[in-house]
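>>> Sequence first, predicted coordinates after that:
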Amino acid sequence: NAGVMQNPRHLVRRRGQEARLRCSPMKGHSHVYWYRQLPEEGLKFMVYLQKENIIDESGMPKERFSAEFPKEGPSILRIQQVVRGDSAAYFCASSPREGAEAFFGQGTRLTVV
Amino acid sequence: GESVGLHLPTLSVQEGDNSIINCAYSNSASDYFIWYKQESGKGPQFIIDIRSNMDKRQGQRVTVLLNKTVKHLSLQIAATQPGDSAVYFCAENLFGQNQAGTALIFGKGTTLSVSS
C-alpha cells in the first residue's frame, strides 16, 4: 500500500505563472488535508477536502489559491499568479475518515523566482 | 498568533543521552496533543499522542508528558540515537482526535542534533 504521493517534489515557477500541486491519498482514504510550511516554521493548515467537497478552507488565502478533490484522480492545489511569498513546502495528508490517523506525503517544494 | 510554541529552537545531545523537548500551548480547550518528527526533505511522521485526560504516555523509547496546569507538553527520548536527529513538532487538536484537520495546530519545531 503506497503512502501519500505528492508530485512534483520540486516545482519552480516565475512570478505570475500558475502552480499546480498534486496529491494522491493512500488507497481507501477519502479525506485530504493541505498544509503549507515556511522555512523553519511549523505546518499551517490550508484546506480540508473530501471527495468532491471542500469541508473547510479557513486557512486558504482568499485570492489566487484553490483546491479540489475530484471523484476520480488526485487532489489538486492550484496557485494562480504566484508571487515570491508563495515559496514554501506544501504538504498533503490523508485519512480514511474523520478521527483516524492522518498520514503525510513528502511534500512539494515550490520556489518562485 | 499560534497557540502552540516550543521553548528552544535547537537541542544538541550526545548519542546515548536522554533528550527532552518541550512545548507550551496556550489554548486551554485543546484536548489532544501529538508529537511529530520531520526529517530533512520529508513529511511529518507521527511519533506519539496523548489525550488531555492523561498526564503521561509511553511508547518505544519515547514518553510524552502533559501538564495541563501550566499548559506544557514534553517529549522524552531515551538513549538518543543519531537517527533521531530531526525537527520535532508538537501539535494540538481541539477536537480530541488525531486528524490533520482544521484543529491541528503546529508549533515551530525544535531541531534535535545527535552527535556520536
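Looks like it arrived, so ask away.

>>> Enumerate the positions of stretch B:73-88 that are buried.
Neighbour counts over stretch B:73-88 (16 or more other Cβ atoms under 10 Å in any protein chain shown) mark B:73, B:74, B:75, B:76, B:77, B:80, B:84, B:85, B:86, B:87, B:88 as buried. In short, each C-beta sits where N, CA and C put it, glycine included.

>>> Most widely separated two among those residues?
The largest separation in the buried residues of stretch B:73-88, counting by Cβ to Cβ, is between B:73 and B:85 at 20.9 Å.

>>> For chain A, spot the helix or strand the model is least confident about on average.
Lowest by mean pLDDT, DSSP states H and E among the helices and strands of chain A is strand A:103-104, with a mean of 87.

>>> just the strands in chain A please.
Here chain A has its strands, by DSSP state E, at A:5-7, A:10-13, A:19-24, A:31-37, A:43-50, A:53-56, A:65-68, A:75-79, A:88-95, A:103-104, A:108-112.

>>> Tabulate the ones you listed (TSV), appending mean neighbour count and distance to residue B:108.
Shown next, in TSV, are these (neighbours: other Cβ atoms under 10 Å in any protein chain shown; distance: least, Cβ to Cβ, whole Å):
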stretch	mean neighbour count	distance to residue B:108
strand A:5-7	18	23
strand A:10-13	15	24
strand A:19-24	20	23
strand A:31-37	25	10
strand A:43-50	22	10
strand A:53-56	14	23
strand A:65-68	18	23
strand A:75-79	20	23
strand A:88-95	25	14
strand A:103-104	22	17
strand A:108-112	18	19
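
>>> Any chance of a markdown table for those strands, columns distance to residue B:40?
Converted to a markdown table, those look like this (distance: least, Cβ to Cβ, whole Å):
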| stretch | distance to residue B:40 |
| --- | --- |
| strand A:5-7 | 16 |
| strand A:10-13 | 14 |
| strand A:19-24 | 20 |
| strand A:31-37 | 12 |
| strand A:43-50 | 15 |
| strand A:53-56 | 30 |
| strand A:65-68 | 26 |
| strand A:75-79 | 22 |
| strand A:88-95 | 11 |
| strand A:103-104 | 14 |
| strand A:108-112 | 11 |
